[in-house]
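Q: Mind looking at a prediction? Sequence and model below.
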Amino acid sequence: MTTQAPPSTSTPMEVEPELPECLESLSDQLTLTDLWATLSNCLKELADTPDHHAVLVLQPTVEAFFLVHAAVISSEEKKKPNQKETRKEQLAHIEEKEGQLESEQAPQTVVGSEEDISPDTKKFLAFAETHRTVLNQILRQSTTHLADGPFSVLVDHTRVLDFDIKRRYFRTELERLDEGIRREDLAVHVRRDAVFEESFRELHRRSAEEWKNRFYIVFEGEEGQDAGGLLREWYVIISREIFNPNYALFKSSPGDRVTYTINDFSHINSNHLCYFKFVGRVIAKAIYDNKLLECYFTRSFYKHILAKLVKHQDMESEDYEFYKGLDFLLENKVSDLGYDLTFSTEIQEFGVTEVRDLIPDGRNVIVTDQNKADYIRLVCQMKMTGAIRKQLAAFLEGFYDIIPRRLIAIFNEQELELLLSGLPDINIDDLKANSEYHKYSVTSLQIVWFWRALRSFDQTDRAKFLQFVTGSSKVPLQGFGALEGMNGAQKFQIHRDDRSTDRLPAAHTCFNQLDLPAYETYDKLRTYLLKAIQECSEGFGFA
């Protein structure tokens, strides 16, 4: 008997079969519709139980659902998430592109849009949305890394994940990027009265990999050794100095006087682009080191970091008068303006005011009721991105040097602020004592329900509520009596919204104002309020 292996082409049985171009998914091969319906009903029952461990009974079946509905992907596609993006790819969302009128183009299927999603993906997304609470309870108690287990498909659909689940996934992914790399201590020598300048001088020529070393802070003339406390102190000082008006890098938002955005006059500091890259690295390094900063930025600035397009609602805290003009245009006919509007706008860049076309020859193209949505989209992109593109590019290049864009992009803009600045301690009694009501009173049923709902929220949802109505998760040092709006001191106020009770609550951050419809039940009020603060970061919309 011979042990020699037969030639690879000896029989037709040994020829490797050709794979079909499109593999049939498991959900097509199995008929389990009734099982999934029963599972869904059981999960709905478990969602309200106070015992969070009860859901673990059904965990294997939930895992089976996600495995069955996972998209069939090739081994090449599996490698893509770990491939390093080029600088051009990372900054693609802010690069200058020729404006186009979408209203005149044939509708296209956008990759990743609802039309582009497979039936299986739609099914598991609908399932995950319906059972979001239970799903997050299961993930919270799981010891398997999200990217490795049966729920790995959710890595590409993080919208259904709670903040703490995303943060744990984010931390593990950062650690994996560092696997096998030995990090040394990097001494940073600074004088306490010149922390920003001397940190810049010591660090700005260092490579991104050197920035990932452990910073060992030495304050000149002081005896202390850095066991972690001096590094925390360094972060506190430098996060304040970033906003020092003498550097002219950032300006406070006129909408709330608390959040910051890039100063379009930063060019008066001749070294501003190098400073922006440095600041981008500092902020990313703080997140990388799991240290909190006293930094609060505008919603549009967070969106730039997350590679999300800005919208006209983001203009409210940046330029309230301009925002009101856009809002008027959106709600009324163009002819009601009383003057011709063209696809152009005035922009101040590096101290020079010039008229910029939003589309080719835009100054000669009239805005109409048919194309006004294009005008609003393009003018907002120009004012919130185009006017500060060079500063943004420098900042983002520094930030993405430390934390890859694909990884930070799992968060939304509210969660990014919480990742950077931490969860605030919100005293509901203090907020209630410093609230005003319009067309409601303190004894109105909806107001009683509102405070009951807010008290039922966990710390993360309370923080998101504060972001929703004030534009920031920052609690004033003197308490909510010192809350500020665009016109100075401005208490939190709740206005009755007499429109449909099928609307979500709306917010106006410039006035710390919540527009609350007169919902018919406590459950509806709580559900709609949660939906608004978790998913509707623009501050308004229909449920």
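A: That came in fine, so what should we check first? Note that the structure is a prediction, hence the values are computed from the model and not measured.

Q: Mind checking which residue lies nearest the centre of the chain?
A: Centroid check for the chain by C-alpha atoms, centre = their mean gives residue 412 as the closest residue, at 2.0 Å.

Q: residue boundaries of the helices in the stretch 101-250 of the chain?
A: 119-130, 132-141, 163-177, 195-203, 208-211, 229-241 (DSSP state H, counting those that start in this stretch).

Q: for residue 462, helix, strand, or coil?
A: State at residue 462, reduced to three classes by DSSP: H, G, I helix; E, B strand; the rest coil: helix.

Q: List the contacts of it.
A: 424, 426, 428, 454 (C-beta atoms under 8 Å, 6 or more residues apart in numbering). In this view, the C-beta of every residue, glycine as well, is placed from N, C-alpha and C.

Q: Sort out for me which of the residues you listed are in helices.
A: Counted as lying in helices by DSSP state H, out of these, are 428, 454.

Q: mind checking the SS state of residue 494?
A: Per three-state DSSP, residue 494 ends up strand.

Q: Report the separation between it and residue 138.
A: Separation of residue 494 from residue 138 (C-beta to C-beta, to the nearest Å): 36 Å.

Q: which strands and helices sit next to the host helix or strand of residue 417?
A: Assessed by DSSP states H and E, residue 417 sits inside helix 413-421. Counting contacts by 3 or more C-beta pairs under 8 Å, 6 or more residues apart in numbering; DSSP states H and E, helix 413-421 packs against helix 163-177, helix 272-288, helix 299-305, helix 459-470.

Q: got those as TSV, with distance to residue 185 and mean pLDDT columns?
A: Output for those, formatted as TSV (distance: least, C-beta to C-beta, whole Å; pLDDT from 0 to 100):
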stretch	distance to residue 185	mean pLDDT
helix 163-177	19	94
helix 272-288	14	96
helix 299-305	28	95
helix 459-470	34	93
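
Q: Relative to residue 213, which of these is closest?
A: Nearest to residue 213, of all the helices and strands packed on helix 413-421, is helix 272-288, at 10.1 Å by C-beta to C-beta.

Q: Which residues does that closest one contact?
A: Against helix 272-288 from outside (C-beta under 8 Å, 6+ apart): 174, 199-200, 203-204, 208, 211-212, 215, 235, 238-239, 242, 247-249, 262, 266, 269, 292-293, 295, 390-391, 394-403, 408, 419-420.

Q: before we move on, the earlier item: residue 494 and residue 138 - which one has more neighbours?
A: Using other C-beta atoms under 10 Å as the criterion, residue 494 and residue 138 rank with residue 494 on top: 22 against 19.

Q: residues touching the more buried one, list them.
A: Going by C-beta under 8 Å, 6+ apart, residue 494 touches 435, 436, 437, 438, 440, 447, 450, 513, 514, 516.

Q: So which of the residues you listed is surrounded by the most neighbours?
A: Ranking the contacts of residue 494 using other C-beta under 10 Å puts residue 516 first, with 26 neighbours.

Q: I'd like to know how far that one sits from residue 429.
A: 20 Å.

Q: rewinding a little: quick one: work out the angle between the helix holding residue 417 and helix 459-470.
A: Here helix 413-421 points in a direction 110 degrees away from that of helix 459-470 (axes from the mean of the first three to the mean of the last three C-alpha atoms, to 10 degrees).

Q: from the middle of its chain, how far away would helix 413-421 be?
A: Relative to its chain's centre, helix 413-421 lies at 8 Å (C-alpha atoms, centre = their mean, to the nearest Å).

Q: Not counting its own residues, what contacts that helix?
A: Residues from elsewhere that reach helix 413-421 (C-beta under 8 Å, 6+ apart): 163, 166-167, 170, 283, 286-287, 292-297, 299, 302-303, 305-306, 308, 408, 411, 460, 463-464, 467-468, 472-474, 537.

Q: so where's the stretch 351-500 of the chain shaky on pLDDT?
A: 351 (pLDDT under 70).

Q: Return the distance of the spatially closest residue to residue 470 that is not a sequence neighbour relative to residue 494.
A: Excluding the flanking residues, the one nearest residue 470 by C-beta to C-beta, 6 or more residues apart in numbering is residue 512, at 5.1 Å. Residue 512 is 10 Å from residue 494, where distance means C-beta to C-beta.

Q: for residue 269, same thing?
A: Separation of residue 269 from residue 494 (C-beta to C-beta) stands at 42 Å.

Q: go on, residue 47?
A: 28 Å.

Q: ok, back up a step: can I assume the residue nearest to the centre of the chain is in contact with residue 306?
A: Yes: judged on C-beta atoms under 8 Å, residue 412 makes contact with residue 306 at a distance of 7.2 Å.

Q: Taking helix 229-241 as reference, get the angle to the helix holding residue 417.
A: Going by the same axes, to 10 degrees, helix 413-421 makes 130 degrees with helix 229-241.

Q: Would you indicate which residues of helix 413-421 are buried?
A: When neighbours are counted by 16 or more other C-beta atoms under 10 Å, the buried residues of helix 413-421 are found to be 413, 414, 415, 416, 417, 418, 419, 420, 421.

Q: right, and out of those residues, which lies closest to residue 153?
A: Relative to residue 153, the closest of those is residue 415; by C-beta to C-beta it sits at 20.4 Å.

Q: Redo the helices of the stretch 101-250 of the chain as CSV? Include distance to residue 484.
A: Shown next, in CSV, are the helices of the stretch 101-250 of the chain (distance: least, C-beta to C-beta, whole Å):
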stretch, distance to residue 484
helix 119-130, 36
helix 132-141, 34
helix 163-177, 26
helix 195-203, 26
helix 208-211, 35
helix 229-241, 18
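
Q: So for residue 156, which of those helices sits nearest?
A: helix 119-130 (8.9 Å).

Q: Residue 308 looks like it's in a helix, true?
A: No: according to three-state DSSP, residue 308 belongs to no helix; its state is coil.

Q: So what's the residue count around it?
A: 17.

Q: pLDDT value on it, please?
A: What the model reports for residue 308 is a pLDDT of 93.

Q: ok, now residue 110?
A: So, for residue 110, pLDDT stands at 39.
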